[in-house]
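Colleague: take this sequence and fold it.
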Amino acid sequence: MKIVVGGQINKQEIHDYIQKYFGEGNVELAVKNDLDAVMAMKAGQFDYYIGACNTGGGGALAMAMALLGANACKTISMPGKILPDEEIVQAVNEGKVAFGFTSQHMEQVLPVWLKAIQTKNS
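Modeller: Next up is the predicted model:
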């Protein structure tokens with residue numbers, strides 16, 4: 001599985017969290033600015049995009065929405081609201097490939113999202 005980390009903040013922390021979740025060598029990861037990350041997605045170089053910003057949608061997903069289309073994207077957390085686990089899993093199962101969240105929710109949303117994409121791709 002190939003995941004690119006974009007968005008506006010905490011990219012290295014997100015990368016490291018994903019690396020720790022999957023274990024060394026079990027996932028291909030890259031950190032890019034949001035435009036380069038989405039262009040790499042559009043070119044088929046990565047399976048999933050994940051990004052964080054302060055709102056969960058703006059800086060995390062704006063480029064993805066513009067270039068991949070809103071139907072490919074899902075905000076999984078925003079200030080004051082974290083999607084229920086079932087909705088995160090449903091978004092993955094529906095074929096969404098770009099996800100945004102607020103960085104302070106990393107510990108809550110990333111495990112659910114990572115398990116969902118792992119299950120879908122196993």
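Colleague: show me what contacts Gly59?
Modeller: Gly59 is in contact with 7-9, 34, 51, 53, counting by C-beta atoms under 8 Å, 6 or more residues apart in numbering. The C-beta positions use only the backbone N, C-alpha and C, and glycine is treated the same way.
Colleague: please indicate which of those residues are buried?
Modeller: 7-8, 34, 51, 53 (16 or more other C-beta atoms under 10 Å).
Colleague: farthest-separated two in those residues?
Modeller: Asp34 and Cys53 (9.0 Å; C-beta to C-beta).
Colleague: overlap of the contact sets of these two?
Modeller: 7-8, 59-60.
Colleague: Thr119: neighbour count?
Modeller: As a burial measure, Thr119 scores 11 neighbours (other C-beta atoms under 10 Å).
Colleague: likewise for Leu61?
Modeller: Leu61: 30 neighbours (other C-beta under 10 Å).
Colleague: please state the offset of the helix or strand in which it is found from the chain centre?
Modeller: Leu61 is located in helix 58-68, with elements delineated by DSSP states H and E. Relative to the chain's own centre, helix 58-68 is displaced by 11 Å; criterion: C-alpha atoms, centre = their mean, to the nearest Å.
Colleague: who's in contact with Met1?
Modeller: 22, 27-28, 47-48, 117-118, 121.
Colleague: Tyr49 in helix, strand or coil?
Modeller: Using DSSP: H, G, I helix; E, B strand; the rest coil, the structure places Tyr49 in strand.
Colleague: so what's it closest to, chain neighbours aside?
Modeller: Using C-beta to C-beta, 6 or more residues apart in numbering and skipping the chain neighbours, the partner closest in space to Tyr49 is Ala98 (4.1 Å).
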